[in-house]
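Colleague: 3D, please:
(2 chains)
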Amino acid sequence: AQKVTQAQTEISVVEKEDVTLDCVYETRDTTYYLFWYKQPPSGELVFLIRRNSFDEQNEISGRYSWNFQKSTSSFNFTITASQVVDSAVYFCALSTHSGYSTLTFGKGTMLLVSP
Amino acid sequence: DAGVIQSPRHEVTEMGQEVTLRCKPISGHDYLFWYRQTMMRGLELLIYFNNNVPIDDSGMPEDRFSAKMPNASFSTLKIQPSEPRDSAVYFCASSVFSRGGSTGELFFGEGSRLTVL
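Modeller: This is a model prediction of the structure:
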């Protein structure tokens, strides 16, 4: 069985601050996939990124960056120069090579960015 | 391009009534998922289909829940009879097969918020 832990329930920052959302995962599989999704106040879940376990390169997309470290089983998400529109609940998720039945979401971290 | 379309967006019903939630996946996607989101349990997979065939329904809470996918562009999730503990946001999502059985990204609808009184 796998598990995704997002220890930060809620984070509050002021606009333009950098913020890192933590994600720690557990799995016995050697092939697995990690995801981040964003759920803004409107409610829909928006896909942000997917990484596989063989690709440990960090990724940057605009103000977003992701740090994947197999040694610590972590897949952290950093928003640089946060903006009010970044306010949302962010979910980390994990699936294994066994497919969609294994897709497990963390409990989410609520990010509040104030002006 | 149209995303995943769910209806209704909001449903308020009384205990014992039948509830039907509807979903239209993204055209060309061969996987369809039903998730339930509650504060207590977070996001839970209820059932998913591949090419209209149910693959895993182990997350369906009990016999009161049923899901169908009569064709590639439509799915329903039915609760009969509904109970207050079924109150939640129900999400439909679709995805495309990825090589090697890997898990592709899911595209979610806006959700159906169900309140059972």
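Colleague: Could you list the paired strands of the lowest-mean-pLDDT helix or strand in chain A along with their orientation?
Modeller: Using mean pLDDT, DSSP states H and E, strand A:99-105 stands out as the lowest-scoring helix or strand of chain A, at a mean of 82. Paired neighbours of strand A:99-105 in the sheet (DSSP bridges): strand A:88-96 (antiparallel).
Colleague: So what sits opposite the residue nearest the centre of chain B in the bridge?
Modeller: In chain B, the centroid-proximal residue (C-alpha atoms, centre = their mean) is B:W34; its distance is 2.5 Å. Beta-bridge pairing for B:W34 (DSSP bridges): B:I47, B:C92.
Colleague: give me every residue that touches it.
Modeller: The neighbourhood of B:W34, defined by C-beta atoms under 8 Å, 6 or more residues apart in numbering or on different chains, consists of B:C23, B:L45, B:L46, B:I47, B:Y48, B:A67, B:S75, B:L77, B:Y90, B:F91, B:C92. All C-beta atoms are positioned from the backbone trio N, CA, C, and that covers glycine.
Colleague: cool, B:Y48 as well?
Modeller: Applying C-beta under 8 Å, 6+ apart, the residues near B:Y48 are A:Y100, A:S101, B:Y31, B:L32, B:F33, B:W34, B:P54, B:I55, B:D56.
Colleague: one step back: need the pLDDT of the residue nearest to the centre of chain B.
Modeller: We have a pLDDT of 97 for B:W34.
Colleague: roughly how far apart are it and chain A?
Modeller: Separation of B:W34 from chain A (C-beta to the nearest C-beta, to the nearest Å): 12 Å.
Colleague: Write out the residues of chain A neighbouring chain B.
Modeller: Taking C-beta under 8 Å from any C-beta of the partner chain, the part of chain A that reaches chain B is made up of A:31, A:33, A:35, A:37, A:42-47, A:50, A:52, A:91, A:95, A:97-103, A:105-108.
Colleague: before we move on, the earlier item: redo the contacts of B:Y48 as TSV? Include distance to A:P115.
Modeller: Below are these laid out as TSV (distance: C-beta to C-beta, whole Å):
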residue	distance to A:P115
A:Y100	40
A:S101	42
B:Y31	40
B:L32	40
B:F33	36
B:W34	38
B:P54	47
B:I55	46
B:D56	44
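Colleague: Spell out which residues of chain B are next to chain A.
Modeller: B:31, B:33, B:42-43, B:45, B:48, B:55-56, B:58, B:89, B:91, B:93, B:95, B:100-111, B:113.
Colleague: Quick one, which of those residues are buried?
Modeller: Among the residues of chain B next to chain A, those buried by neighbour count (16 or more other C-beta atoms under 10 Å in any protein chain shown) are B:31, B:33, B:42-43, B:45, B:48, B:56, B:89, B:91, B:93, B:95, B:102-111, B:113.
Colleague: So which of these sit within strands?
Modeller: Mapping these onto strands (DSSP state E) picks out B:31, B:33, B:42-43, B:45, B:48, B:56, B:89, B:91, B:93, B:95, B:107-108, B:113.
Colleague: Greatest separation within the residues you listed: which pair is it?
Modeller: B:D56 and B:R113 (24.6 Å; C-beta to C-beta).
Colleague: Paired strands for the helix or strand harbouring A:Y33, with orientation please.
Modeller: A:Y33 belongs to strand A:32-39 when elements are defined using DSSP states H and E. In the sheet containing strand A:32-39, its partner strands are strand A:46-52 (antiparallel), strand A:88-96 (antiparallel), by DSSP bridges.
Colleague: now that strand against strand B:88-95, angle please.
Modeller: Calculated by axes from the mean of the first three to the mean of the last three C-alpha atoms, to 10 degrees, strand A:32-39 forms an angle of 130 degrees with strand B:88-95.
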